[in-house]
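# everything below, folded, please.
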Amino acid sequence: MTIQEFIKKCSSLDSPIGDLANDILGDKNFPLSKSEKEVVEYLDFETKRGGTNSTFQEFLAEYRKRNNKTLKFILNYLKTNNIKSLEDANQKGIAMPYVETCGNIIKIPVGNNFPETVMNDLRELEAMNEKWEEISDGKKVQSHMLSNPNINDGMNISFCCQKMQFEFLLSLVD
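Presented below is the predicted three-dimensional model:
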């Protein structure tokens, strides 16, 4: 499903995501014939400007759940292992506190079952749900749903995330 098809599908929903989809369909400047990356960048910019970026992030996450095999894999792992909080993830050994600017290191074991699209998928996911998190010295650090995702040890999908980002990820589990 393309992002344009997903927008049309969502336009029938009676929800903030449906309202956003209808606003997008009514946008005379919407880059309908552009690439997915250009569409996402346009919508991210416009919704930040218009104050609806949190709704856009939910919309984008729902779209990625349908098309991003690595996100499906991660969400399935969290569901299968009954991980409902960062504390659960710590107890089950897939999360551990790291430097404050990073938050926690999360390692989702995959063995040799990496989705074939893992590298492109991780790039898409890293750019999602950008938030600023205040740390103990009063400074703010930029956090994403998955910050600095990688597969460097060949056995895990590893990424950093703040607690609020992990909670957003968990909110996507069906």
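
# how does the protein divide up, domain by domain?
Following automatic domain parsing, one gets these domains for the chain: 3-67, 84-171.

# residue 92 and residue 80 touch, don't they?
No. Residue 92 is beyond contact range of residue 80, at 11.2 Å (criterion: CB atoms under 8 Å). Where you see a C-beta, it was placed from the backbone N, CA and C, and this is true even at glycine.

# now do the same end-to-end measure for stretch 81-93.
11 Å (CA to CA, to the nearest Å).

# list the buried residues for that stretch?
Residues 83, 86, 89 are the ones in stretch 81-93 that count as buried (16 or more other CB atoms under 10 Å).

# my read: the second one touches residue 95, true?
Which is residue 86. Yes. The pair residue 86 / residue 95 is scored as a contact, 6.0 Å apart, by CB under 8 Å.

# okay if I get the domains of the chain as CSV plus mean pLDDT and distance to residue 75?
Formatted as CSV, the domains of the chain follow (pLDDT from 0 to 100; distance: least, CB to CB, whole Å):
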stretch, mean pLDDT, distance to residue 75
domain 3-67, 93, 7
domain 84-171, 90, 8
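
# next, format those as a markdown table and append distance to residue 74.
Output for the domains of the chain, formatted as a markdown table (distance: least, CB to CB, whole Å):
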| stretch | distance to residue 74 |
| --- | --- |
| domain 3-67 | 10 |
| domain 84-171 | 5 |
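
# quick one, which of those domains is nearest to residue 73?
domain 84-171 (5.6 Å; CB to CB).

# how distant is that closest one from the center of its chain?
Counting by CA atoms, centre = their mean, to the nearest Å, domain 84-171 is centred 10 Å from the centre of its parent chain.

# need the distance between the two termini of that domain.
End residues of domain 84-171 are separated by 9 Å (CA to CA).

# one more: stretch 63-72?
Start-to-end, stretch 63-72 (CA to CA) is 11 Å.

# same question for stretch 82-93.
Start-to-end, stretch 82-93 (CA to CA) is 13 Å.

# repeat that for stretch 42-56.
11 Å.

# give me the contact list for it.
16-17, 19-20, 23-24, 27, 30-31, 34, 60 (CB atoms under 8 Å, 6 or more residues apart in numbering).

# buried residues in it?
Buried, per 16+ other CB under 10 Å, within stretch 42-56: 42-44, 46-47, 52-53, 55-56.
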